[in-house]
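>>> how would this look folded up:
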Amino acid sequence: MRRFAAALAAATVATLAFAAGSALAGNGIPPLKPTVGTAVAFDKSAPLRSMPMIAPGTEQPFTRAAKTDRSLTSPVATTGHQRDGALQNSPSPNSMSSPLFTFEGPSNEANFDIFGFRVNPPDPNGDVGQHNYVAMVNLTFAIYSKTGTLQYGPADTGSLWQGFSVPDCTDPSGDPVVVYDEISNRWILTQFTTRGPEYFNCVAVSTTEDPLGSYYRYAFSTGEFFPDYPKYGIMSDGLYITTREFGPTVEYQIGVYAINRHQLVEGNPNPTVVSFYLVDGVDPLYLLGDGILPADQDGKRMPPPHSPEYFAGTMDDDYGYGAPSDAINWFAADVDFAHPASSTFELTAQLATEPFDSDFPCAPDARDCLPQPGIVNPAQYLDILSYRQRPTFRLQYRNFKTHESLVTNQSVEARPGIAGVRWYEIRSPQDPVIYQQGTYAPNDGIHRWMGSVAQDKNGNFAAGYSVVNGTTVYPGIRYAGRVPSDPLGELSQGEAVLQNGSGVQTTTNSRWGDYTSMSVDPRDDCTFYYMNEYYLVSGTPADTRPWKTRIGAFKFPGCR
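Reported below is the predicted structural model:
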């Protein structure tokens, strides 16, 4: 059934005035008024294992490139490197645990086999459950055992949506995200739509912990606003979605959606959706940036009663959005699903960070940033994407009983002309403080970027990321970490290789994945799984984008 709900179309938001005398130095936002709605379509699918994969050549053309990744402003010309105030200077030993195992994820060759064409970037994303690992990329997904035995796919993501009453959800649109709800042991697989003129977030929730079983399928309308870069987070009460949304002409806003998690996993066809919109032209652009991340809970310990959901954005005073300082913008959504109209969303803090520089020196175009071995044309350098004013997936939440902790990261120019990973741990989120922060960029001439971070149940911290340089390091995958006894702000356990690269990307669009995925096994709450892209062979004139993905697992000694 299909029930288009005007409540989820583009909302007219009351004019927002900054609170006088705000503790946020004039940059406070009064609580936003919510829009309350529900899904516009719902059904229950047959078991995935019994549904045929959509046949090659029967899908709509891929339209993502024409719709997504619009810039709000051009990156400003760099005025030189700003010293990084959190750069890790002490050397690290090579004591990081090696992978327990690795296995291949979906590749661009699967796109060619299914659609007859290849795409860039892959946007690799995955999560681990009780018995499986599910991986999604542009434009396919696959299901594995936890040690890498392929059980389904790679298949067109639309295969999951075949027969759904919103046919846009079967399109190969992209920006997929998969999250495992370890509270109820359910899989949530998602993508946006690009067909228009009405757009949707398509959300499929497994009816059991088996990802090959049936799914409750939902479509949530964003009206005429295209919901670029959707990011998902699960907390005890809700599934939270954030998007950077573009209207038909020049309109821009950040969409925040809270969906009743209990109703989702129970297959309620009318789940309550509480929506908020941060609108360009009303708020300073540096508060919106290029998106915010919702907190995503790991571990069985719930947040304290009546806790809100948290969101993080970043801003850089060297960038063109006009930020007055380097900071993390911290938001909270207090969503009351019993009385949804009383829900609020507000900016609660601006957390001053140590100085960082996100305006990387790229040329000839803004995406041509990181050199590769043997590549002499700068237009074929790789995109660092640090100029996007946002942290990268995920904002992981944990309740350690003695304290609440959230971790995230972003790419920066750590040393002059060298990319690094700036990471943060934020504690006491209702009155947040940056407990520690660091920039990982050993002085070895290797670029490290496009990270994802997480903590295990013991507070061990791991950061996964891409690596490359212009001479000997081909696009590959590494990770580094720390244990709680290490000095604050340092990944003192050193670095390990998940997958070395042996080829280069030769396309001139320079795109690298917009995000990668670090997750923790909910069964032992110790084993990290990381998914990222790499190149095994270089592009050829017939195939300039032969990217592959690799998934690997590792854990810290002593975590059981």
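>>> what residues are up against the residue lying closest to Gly470 once chain neighbours are set aside?
Leaving out its chain neighbours, the residue that sits closest to Gly470 by C-beta to C-beta, 6 or more residues apart in numbering is Pro371, at 3.2 Å. (Each C-beta comes from the backbone N, C-alpha and C, glycine too.) Taking C-beta atoms under 8 Å, 6 or more residues apart in numbering as the criterion, Pro371 is in contact with Pro378, Tyr381, Val468, Asn469, Gly470.
>>> for Ser145, state which of those is nearest.
Ser145 has its nearest neighbour among these in Val468, at 30.8 Å by C-beta to C-beta.
>>> pLDDT below threshold where in this protein?
1-28, 55-71, 73-79 (pLDDT under 70).
>>> show me where it has helices.
Assigned by DSSP state H, the chain shows helices spanning 64-67, 108-115, 261-266, 285-288.
>>> now, of those, which is deepest in the fold?
helix 285-288 (a mean of 22; mean count of other C-beta atoms under 10 Å).
>>> ok now that one, how far from the chain's centre?
19 Å (C-alpha atoms, centre = their mean, to the nearest Å).
>>> and it, what does it pack against?
Judged by 3 or more C-beta pairs under 8 Å, 6 or more residues apart in numbering; DSSP states H and E, the packing partners of helix 285-288 are strand 252-260, strand 309-315.
>>> rewinding a little: for the helices of the chain, give me TSV that also has distance to Asp431.
Converted to TSV, those look like this (distance: least, C-beta to C-beta, whole Å):
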stretch	distance to Asp431
helix 64-67	40
helix 108-115	46
helix 261-266	25
helix 285-288	20
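>>> among those helices, which comes closest to Gly476?
Ranking the helices of the chain by proximity to Gly476 (C-beta to C-beta) places helix 108-115 first, at 16.3 Å.
>>> residues in contact with the closest one: which ones?
Around helix 108-115, the neighbours that count as contacts under C-beta under 8 Å, 6+ apart are 54, 56-57, 59, 62, 117-120, 122, 138-140, 153-156, 172, 543, 545-548.
>>> which of the residues you listed fall within strands?
Judged by DSSP state E, the subset of the contacts of helix 108-115 located in strands is Thr140, Gly153, Pro154, Ala155, Asp156, Lys548.
>>> run through the bridge partners of the fifth one.
The reference is to Asp156. Residues in a beta bridge with Asp156, per DSSP bridges, are Thr140.
>>> surely it meets Pro52?
No: counting by C-beta atoms under 8 Å, Asp156 sits too far from Pro52 to count as a contact (10.9 Å).
>>> the two: which has the busier surroundings?
More crowded of Asp156 and Pro52, by other C-beta atoms under 10 Å: Asp156, with 25 against 8.
>>> which ones are touching the more buried one?
Applying C-beta under 8 Å, 6+ apart to Asp156 gives the contacts Met53, Ile54, Glu59, Ile114, Phe115, Leu139, Thr140, Pro172.
>>> by neighbours, which of these wins?
Using other C-beta under 10 Å as the neighbour criterion, Leu139 leads those with 30 neighbours.
>>> and the gap between it and Cys169?
13 Å (C-beta to C-beta, to the nearest Å).
>>> what does Ile143 give?
Distance of Ile143 to Cys169, computed by C-beta to C-beta: 19 Å.
>>> tally of neighbours for Leu100?
Leu100: 13 neighbours (other C-beta under 10 Å).
>>> over to the one 4 residues further on?
When neighbours are defined as other C-beta under 10 Å, Glu104 has 17 of them.
>>> dump the residue contacts of it.
So Glu104 contacts Gly148, Lys548, Thr549, Arg550, Ile551 (C-beta under 8 Å, 6+ apart).
>>> farthest pair within these?
Gly148 and Lys548 (13.9 Å).
>>> show me which of these two is the more surrounded one.
Shown here are Gly148 and Lys548; by other C-beta under 10 Å, Lys548 has more neighbours (21 against 15).
>>> picking that back up, specify which member of the contacts of Asp156 is nearest to Pro391.
Proximity of the contacts of Asp156 to Pro391 (C-beta to C-beta) peaks at Leu139, which lies at 25.1 Å.
>>> distance of the nearest residue to that closest one once chain neighbours are set aside from Val376?
Residue nearest to Leu139 in three dimensions, not counting chain neighbours: Pro172, with 3.9 Å by C-beta to C-beta, 6+ apart. Counting by C-beta to C-beta, the gap from Pro172 to Val376 is 34 Å.
>>> ok, which stretches of the stretch 401-550 of the chain are strands?
Remark: strands assigned in the stretch 401-550 of the chain by DSSP state E, counting those that start in this stretch are 404-415, 418-427, 433-440, 447-455, 461-468, 476-482, 495-499, 517-520, 528-534, 548-554.
>>> who does the first one pair up with?
Same thing as strand 404-415. Here, using DSSP bridges, strand 404-415 pairs with strand 392-399 (antiparallel), strand 418-427 (antiparallel).
>>> can you list these in JSON lines and add mean neighbour count?
What follows is those, written out as JSON lines (neighbours: other C-beta atoms under 10 Å):
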{"stretch": "strand 392-399", "mean neighbour count": "25"}
{"stretch": "strand 418-427", "mean neighbour count": "25"}
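>>> for Tyr229, which of these is the nearest?
Smallest distance to Tyr229 across those (C-beta to C-beta): 9.6 Å, for strand 392-399.
>>> and the angle for the closest one with strand 447-455?
30 degrees (axes from the mean of the first three to the mean of the last three C-alpha atoms, to 10 degrees).
>>> mind saving the C-alpha coords of strand 392-399 as PDB?
Extracted in PDB, the C-alpha atoms of strand 392-399 (Å, rounded to 0.1, in the frame of the first residue of the first chain):
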ATOM      1  CA  THR A 392      32.800  10.700   8.800                       C
ATOM      2  CA  PHE A 393      30.700   7.600   9.600                       C
ATOM      3  CA  ARG A 394      30.200   6.600  12.500                       C
ATOM      4  CA  LEU A 395      29.500   8.500  15.600                       C
ATOM      5  CA  GLN A 396      29.700   5.400  17.900                       C
ATOM      6  CA  TYR A 397      28.000   5.600  21.300                       C
ATOM      7  CA  ARG A 398      28.800   3.400  24.300                       C
ATOM      8  CA  ASN A 399      27.600   3.400  27.900                       C
END
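>>> next one: it to chain centre, how far?
The answer for strand 392-399 is 10 Å, by C-alpha atoms, centre = their mean.
>>> residues in contact with it?
Against strand 392-399 from outside (C-beta under 8 Å, 6+ apart): 125, 177, 231, 233, 235, 293-299, 301-304, 310-312, 404-411, 429, 450-455, 457, 515-518.
>>> now, of those residues, which are buried?
For the contacts of strand 392-399, a neighbour count by 16 or more other C-beta atoms under 10 Å gives the buried set as 125, 177, 231, 233, 235, 293-299, 303, 310-312, 404-411, 429, 450-455, 457, 515-518.
>>> just to revisit the earlier point, more crowded one of Ile143 and Cys169?
Set side by side, Ile143 and Cys169 show more neighbours around Cys169, with 27 against 23, by other C-beta under 10 Å.
>>> tell me how far that one lies from Asn509.
For Cys169, the distance to Asn509 - C-beta to C-beta - is 26 Å.
>>> ok, the closest residue in space to Thr222 that isn't next to it in sequence - contacts?
Excluding the flanking residues, the one nearest Thr222 by C-beta to C-beta, 6+ apart is Tyr199, at 4.9 Å. Counting by C-beta under 8 Å, 6+ apart, Tyr199 touches Asp168, Phe192, Thr193, Ser221, Thr222, Gly223, Glu224, Phe225, Phe226, Pro227.
>>> burial count for Asn458?
Other residues within reach of Asn458, judged by other C-beta under 10 Å, total 16.
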